[in-house]
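# Whatever this is, show me its structure:
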Amino acid sequence: MSSKLLIIEAAALGYDLLRRHGLQEMAGLTFQPAETVFPAVTCTVQASFRTAGAPAVHGMISNGLFHRDLRKVTFWEQSARLVAGERIWSPLRRRGGTVGMLFFQQSMGEAVDLLLTPAPIHKHHGGMIEDCYGRPDDLHARLCRTGPMRPFKLRTYWGPLAGDSAGTWISEAIRLILGDEQLAPDVLLAYLPTLDYDLQRHGPDGRKAAAALASLAGQIDQVLSAARQRGYEVIVFGDYAMAEVTQPASLPNLALLESGLLRARPVRGMLYADLHESRAFALVDHEVAHVYVREPGDVGAARRVLREAPGVAEVLDAEEIAARGVRHPNAGELMLVAEEGSWLAYPWWTQKREAPDYARHVDIHNKPGYDPCELFFGWPPMSVSLDTSRVRGTHGRAGSGRRVAWASTVELDPAPATLLDLAATVKHMLDEEE
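Residues are numbered from 1 along each chain as shown. Okay, the predicted model is just below:
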């Protein structure tokens, strides 16, 4: 590779989204379509890109994992060891090249030279100390001492106050890093979440989507300008395409509870899932879910129940999961795919008073499913919403109508048809002798 490389992953940058808004040409780049990875969710796509491998190989089968021995779900865990496989940049680093990652998931402990990711400290008696995990250790502090930068605010990255200011902060950090000869790596991978929030809140059409796209275009233009000044080539790609929500959310865990396959434990009038006694439950993640069935003899019963659940389009068995490239020990015995226009929500209760305590809070690590309702304020004040009907955008499906967009300042021949092709192309670029 004869020049340095900046790689930007832009959340929810779908090709059809750009086409509908007339932005195939954006920030001086010409975007082309590519097929994404299934399931099309953040951690899975990022793991696939950095390994050029399918989920069946790297093991990040969704944004969350179910630990069968602990009977426990964890979402958004940050250890790089959760992602198996050689990284596309490994040969470059073996030759002495340097690599950086900004705001990628599962990046703590990664074999890179520069790293920054949110890492708050949760205090024992409530509250939080906001901080970022960095390599070098003082990277966050160094950035905040430079120019107009302020400490990164986690509330802008997720929750009811999340918005384009998170992407603005990250794009400014990219600019400062590229301009610092001591920090700037040969290859820098960064994540811009700008589109994710309002496209989930309001859907991929309309004024809110147009405004979010305009913000993203400004951020990309900023980093492109800095990259050109420092001799970097740039690749920008989307991870998934957001779809409009037009029908109610599907509740597979409620169907499993009503069938007796899921057990719930009442505590002070609230219902908590009892995963130790449950025979099946669904780890939901946008439009997809992994269904974990404790005993092989219950797989058929769980499949029959979930086939009848409203909003479920497909119930994939082991062979079908393998055919989609997701068969791994981390995967469920079954997988669900929502109907077009619907999404999969984790609740197993029917009355708001039965909602577990964590349901009313931003609690991304411990909820047994992804919860986009955390993007909305609820009642009482400072809580988050329980109303799944407020969510207007979702993702996770791949294939027809779900292409993502990519663009590059260096000609890629042949043009990648999939994100795995794009990752393999980058790997080949980084493998080349200087």
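
# and stretch 368-386, average pLDDT?
For stretch 368-386, the mean pLDDT works out to 96.

# who are the neighbours in contact with residue 105?
42-43, 46, 63, 76, 78 (C-beta atoms under 8 Å, 6 or more residues apart in numbering). (Glycine included, C-beta is placed from N, CA and C.)

# What of residue 129?
Taking C-beta under 8 Å, 6+ apart, we find residue 129 in contact with 120-121, 123.

# Give me the buried entries from the contacts of residue 105.
Taking 16 or more other C-beta atoms under 10 Å as the criterion, what is buried in these is 42-43, 46, 63, 78.

# Can you mark which positions in the longest helix anywhere in the chain are buried?
Longest helix in the chain by number of residues (criterion: DSSP state H): helix 207-229. Under the neighbour-count criterion of 16+ other C-beta under 10 Å, helix 207-229 has 208-209, 212-213, 215-217, 219-220, 222-224, 226-227 buried.

# Once you drop chain neighbours, what's closest to residue 25?
residue 31 (7.6 Å; C-beta to C-beta, 6 or more residues apart in numbering).

# so how many other residues sit close to that neighbour?
Number of residues near residue 31 (other C-beta atoms under 10 Å) recorded here: 22.

# so it makes contact with residue 408?
No. Counting by C-beta atoms under 8 Å, residue 408 is not a contact partner of residue 31; they are 9.7 Å apart.

# and residue 7, bridged to which residues?
Counting by DSSP bridges, residue 7 forms beta bridges with residue 189, residue 235.

# which ones are touching it?
By C-beta under 8 Å, 6+ apart, the contact list for residue 7 reads 187-190, 234-237, 426.

# Would you mind listing which of these are buried?
187-190, 234-237, 426.

# and of those residues, the nearest to residue 22?
The nearest member of those to residue 22, counting by C-beta to C-beta, is residue 236 at 17.6 Å.

# quick one: the residue lying closest to that closest one once chain neighbours are set aside and residue 392, what's the gap?
Computed as C-beta to C-beta, 6+ apart, the closest residue to residue 236 that is not its neighbour in sequence is residue 8, at 4.5 Å. Distance of residue 8 to residue 392, given as C-beta to C-beta, to the nearest Å: 26 Å.

# Give me the buried stretch members for the one helix or strand residue 265 maps to, please.
Using DSSP states H and E, residue 265 maps to strand 264-267. For strand 264-267, the neighbour count (16+ other C-beta under 10 Å) marks residue 264 as buried.

# model confidence over that strand, on average?
Averaging pLDDT residue by residue across strand 264-267 gives 98.

# any idea how far that strand is from the chain center?
Its chain's average C-alpha position is 31 Å from that of strand 264-267, according to C-alpha atoms, centre = their mean, to the nearest Å.

# same thing with stretch 301-319?
Its chain's C-alpha centre and that of stretch 301-319 lie 24 Å apart, by C-alpha atoms, centre = their mean.

# From the opening residue of it to its closing one, how far?
17 Å (C-alpha to C-alpha, to the nearest Å).

# Could I get the full set of helices for the stretch 51-200 of the chain?
Remark: helices assigned in the stretch 51-200 of the chain by DSSP state H, counting those that start in this stretch are 55-58, 90-94, 139-144, 164-178, 196-202.

# Can you lay out the ones you listed as JSON lines showing distance to residue 251 and mean pLDDT?
Below are the helices of the stretch 51-200 of the chain laid out as JSON lines (distance: least, C-beta to C-beta, whole Å; pLDDT from 0 to 100):
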{"stretch": "helix 55-58", "distance to residue 251": "25", "mean pLDDT": "98"}
{"stretch": "helix 90-94", "distance to residue 251": "43", "mean pLDDT": "96"}
{"stretch": "helix 139-144", "distance to residue 251": "40", "mean pLDDT": "94"}
{"stretch": "helix 164-178", "distance to residue 251": "30", "mean pLDDT": "97"}
{"stretch": "helix 196-202", "distance to residue 251": "18", "mean pLDDT": "98"}
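
# Now render these as a markdown table, adding distance to residue 279.
Shown next, in a markdown table, are those (distance: least, C-beta to C-beta, whole Å):
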| stretch | distance to residue 279 |
| --- | --- |
| helix 55-58 | 25 |
| helix 90-94 | 42 |
| helix 139-144 | 45 |
| helix 164-178 | 40 |
| helix 196-202 | 32 |
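
# of these, which approaches residue 431 most closely?
Shortest distance between residue 431 and these, using C-beta to C-beta, is found for helix 90-94: 5.0 Å.

# Just give me how far the closest one sits from the chain centre.
Centre-to-centre, helix 90-94 and its host chain are 26 Å apart (C-alpha atoms, centre = their mean).

# Could you do stretch 112-126 as well?
Centroid separation between stretch 112-126 and its chain, computed with C-alpha atoms, centre = their mean, is 18 Å.

# Mind listing what's buried along that stretch?
In stretch 112-126, counting by 16+ other C-beta under 10 Å, buried: 112-118.

# End to end on it, go ahead and measure it.
With C-alpha to C-alpha applied, stretch 112-126 spans 33 Å between its terminal residues.

# going forward can the numbers begin at 835, since that is how I track them
All right, first residue 835 from here; so that's stretch 946-960.

# Give me the mean pLDDT for that stretch.
Averaging the model's pLDDT scores along stretch 946-960 yields 90.

# Residues contacting the strand holding residue 1099, please?
By C-beta under 8 Å, 6+ apart, strand 1098-1101 touches 1091, 1105-1108, 1182-1183.

# out of these, which one sits closest to residue 926?
Among those, residue 1107 lies closest to residue 926 (C-beta to C-beta), at 44.5 Å.

# What distance do you get for the closest residue to residue 1223 other than its chain neighbours to residue 1074?
Nearest in space to residue 1223, with sequence neighbours left out and distances taken as C-beta to C-beta, 6+ apart, is residue 1082 at 6.7 Å. Using C-beta to C-beta, we find residue 1082 at a distance of 22 Å from residue 1074.

# Adding distance to residue 917, write the buried residues of stretch 946-960 out as TSV.
Formatted as TSV, the buried residues of stretch 946-960 follow (distance: C-beta to C-beta, whole Å):
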residue	distance to residue 917
946	13
947	18
948	18
949	14
950	18
951	14
952	18
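
# Now the two most distant members of the residues you listed.
Taking C-beta to C-beta as the measure, the buried residues of stretch 946-960 span a maximum distance of 19.6 Å, between 947 and 952.

# still on that earlier bit, out of the contacts of strand 1098-1101, what pair is the most spread apart?
Pairwise over these, using C-beta to C-beta, the maximum falls at 1108 and 1183, 13.2 Å.
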